[in-house]
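Student: Quick one: sequence plus predicted model below, questions after.
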Amino acid sequence: MSTFNVLEIVLKDILLVINPSREDWAIRNQLIGDFRTAVDSVESLRGATVEPFGSFLSNLYTRWGDLDISIELPNGAYISSAGKKHKQTLLGHVLNALRSKGGWRKLQFIPNARVPIIKFESYHPNISCDVSINNLKGQMKSKFLFWISGIDGRFRDLVLLVKEWARAHDINNSKTGTLNSYSLSLLVVFHLQTCRPAILPPLKELYPGNVADDLIGVRALVEGQIEETSAANINRFKRDRSRVPNRSSLSELFISFLAKFADITSRASEQGICPYTGQWVDIDSNMRWMPRTYELFVEDPFEQPENTARGVRSRQLQRISEAFQTTHQRLTSANQDQNSLIDTLVRPQIAQFIRRAPSRNSSAYGRNNSRTYPLVPNVANSPLQFQNEFQNRRPQSRPNTTSQRSAPVQARPNSVTMQRSMYTRPGSSTVQRSVQQAAQSQSQRVWRPRSDR
């Protein structure tokens, strides 16, 4: 059996273990509901809504993935804004409410962070949570990653595998100067943009504006405009018959991903990674990135010119590069067996569980070696649906957004009234199809490691 065939089997074994089950969705939904109850008891947050974002909303979380929650302040139909000091005060009130209510542990208030947050863990199971105020930008970024998963399912699989591999090599922790999970996801986006033939388009072809700058005004109109524009462009890209399909296997994409960034240390001194254009960009030629003060530049395509890898330190960048290099060498060397590959790709506790799994054969896969995941039958289990349910509980009425569509490609928020995108409209058949394509579920109950940061 060839190296690629062995690696393909191992990667799919890993996915069978790390993919969240329906129970994992339900646990997080319940956790958000419990947290919302605590927020409802805070007088200064009367009328606020509790809305998830991050990997849970984008459906890029693993069984032990953490949970990001935004408390959206009431502002009628308009997008709310609040200063850092006000956010610090409100989070202090939330902290007191959580302590009073109980049921949480390791409560930590970090008021002076770039974005003030509260961190805590839930009991049984251990899920780490980060809470911030008015993080609509985070919600929209999460939605985009969810929509990208609908273009090609290999994106989601590759993100989950890369995140687990990065944790195994201790390069997925911004606190220690390595890569955060959002940066890793953007590296996967960039890889699928720059492989040949390309699997994903430059993100400017999905939304030709700067999402963060456009989040001003009536929330329903702004979100609807962004979602409608993106939906039309995604559909246009998927239906483009002139596009040459990329039939690379997951193992081939994973190995080429490692090869692409193996020289990241030397390349990062001169070029930045730009998923918006889908290109390496010379730092000296991009005035938005000057002065050059970062070891690695991975531009946020939805909040340009922010650098999602701004926390990467010089010494850690070398470790990141070495992890790419050594893993690539191991995966492409001859006589690799499944156990050695597993040890290279996952943490020891995950490796042990993979070896204990009752089935490590092709029974979980259908024709053409494609995964046959059990589908989640109820669309309400979608994180996007869950978010919409909370948004619909807002005490203020939303404006009517069911007016006539306009051309989506170059549309900008606040220019025309648009109806909500088919990607997030409650009850739409497109939502059901998107969720079924993106959601991964297992019927068996499995061991759950402690939550990772």
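Tutor: Structure received.

Student: For the chain, which segments are assigned as strands?
Tutor: All strands of the chain, identified by DSSP state E, fall at 49-53, 67-72, 104-110, 117-122, 128-133, 271-274, 279-282.

Student: Now do the fifth one and strand 104-110, the angle between them.
Tutor: For strand 128-133 against strand 104-110, the angle by axes from the mean of the first three to the mean of the last three Cα atoms, to 10 degrees is 40 degrees.

Student: can I get the strands of the chain in TSV with mean neighbour count?
Tutor: For every residue, glycine as well, the C-beta is placed using N, CA and C. Shown next, in TSV, are the strands of the chain (neighbours: other Cβ atoms under 10 Å):
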stretch	mean neighbour count
strand 49-53	23
strand 67-72	23
strand 104-110	14
strand 117-122	19
strand 128-133	21
strand 271-274	23
strand 279-282	14
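
Student: you'd agree residue 234 is up against residue 206?
Tutor: Yes: between residue 234 and residue 206 there is a contact under Cβ atoms under 8 Å: 6.0 Å.

Student: shared neighbours of those two, anything?
Tutor: Common contacts of residue 234 and residue 206 (Cβ atoms under 8 Å, 6 or more residues apart in numbering): residue 147.

Student: related to what we said a few turns ago, between the strands of the chain, which gets nearest to residue 228?
Tutor: strand 49-53 (20.1 Å; Cβ to Cβ).

Student: Need the mean per-residue confidence for the closest one.
Tutor: Strand 49-53 shows a mean pLDDT of 96.

Student: centre of the chain versus it, how much separation?
Tutor: Here strand 49-53 is found 15 Å from its chain centre; the criterion is Cα atoms, centre = their mean, to the nearest Å.

Student: Each with direction, which strands does it pair with?
Tutor: strand 67-72 (antiparallel) (DSSP bridges).

Student: Thought residue 185 was touching residue 172, still the case?
Tutor: No: Residue 172 is beyond contact range of residue 185, at 11.0 Å (criterion: Cβ under 8 Å).

Student: Tell me who's in contact with the residue nearest to residue 121 when sequence neighbours are not counted.
Tutor: Nearest-residue entry for residue 121: residue 106, 4.7 Å, with adjacent residues in sequence omitted and distances by Cβ to Cβ, 6 or more residues apart in numbering. Going by Cβ under 8 Å, 6+ apart, residue 106 touches 119-121.

Student: let's see it at 10 Å
Tutor: With contact set as Cβ atoms under 10 Å, 6 or more residues apart in numbering, residue 106 has these partners: 119-122, 126, 128-129.

Student: now for these, which pair is the farthest apart?
Tutor: 119 and 126 (12.8 Å).

Student: before we move on, the earlier item: rebuild the contacts of residue 106 as a markdown table, extending it with distance to residue 230.
Tutor: Below are the contacts of residue 106 laid out as a markdown table (distance: Cβ to Cβ, whole Å):
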| residue | distance to residue 230 |
| --- | --- |
| 119 | 31 |
| 120 | 33 |
| 121 | 34 |
| 122 | 33 |
| 126 | 35 |
| 128 | 30 |
| 129 | 28 |
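
Student: Would you check the residues you listed and say which has the weakest pLDDT?
Tutor: For the contacts of residue 106, the pLDDT minimum is residue 126, 86.

Student: Next, count neighbours for that one.
Tutor: Neighbour count for residue 126, taken as other Cβ atoms under 10 Å: 14.

Student: what do you get for the one 10 residues further on?
Tutor: Neighbours of residue 136 under the rule other Cβ under 10 Å: 20.

Student: Find the nearest non-adjacent residue to it, please.
Tutor: The shortest distance from residue 136 to any residue other than its chain neighbours is 5.6 Å, reached at residue 215 (Cβ to Cβ, 6+ apart).

Student: How about the contacts made by that neighbour?
Tutor: Applying Cβ under 10 Å, 6+ apart to residue 215 gives the contacts 79, 81, 136-137, 139-140, 222-223, 226, 302-303, 413.

Student: tell me the centre residue of this protein?
Tutor: The residue lying closest to the centre of the chain (Cα atoms, centre = their mean) is residue 55, at 4.0 Å.

Student: Quick one: end-to-end distance for stretch 175-189.
Tutor: By Cα to Cα, to the nearest Å, the extent of stretch 175-189 from end to end equals 23 Å.

Student: and residue 191, which of the strands of the chain is closest to it?
Tutor: strand 271-274 (9.8 Å).

Student: I'd like the distance from the closest one to the chain centre, please.
Tutor: 20 Å.

Student: ok, back up a step: tell me the one among the contacts of residue 106 nearest to residue 257.
Tutor: Of all the contacts of residue 106, residue 257 sits closest to residue 128, with 26.6 Å by Cβ to Cβ.

Student: That closest one against residue 107, yeah?
Tutor: No: applying Cβ atoms under 10 Å, one finds residue 128 not in contact with residue 107, separated by 11.7 Å.

Student: Now list whatever residues contact both of the two.
Tutor: Joint contacts of residue 128 and residue 107 (Cβ under 10 Å, 6+ apart) are 119-121.

Student: still on that earlier bit, more neighbours: which of residue 172 and residue 185?
Tutor: Between residue 172 and residue 185, counted using other Cβ under 10 Å, residue 185 has the larger neighbour count: 27 against 22.
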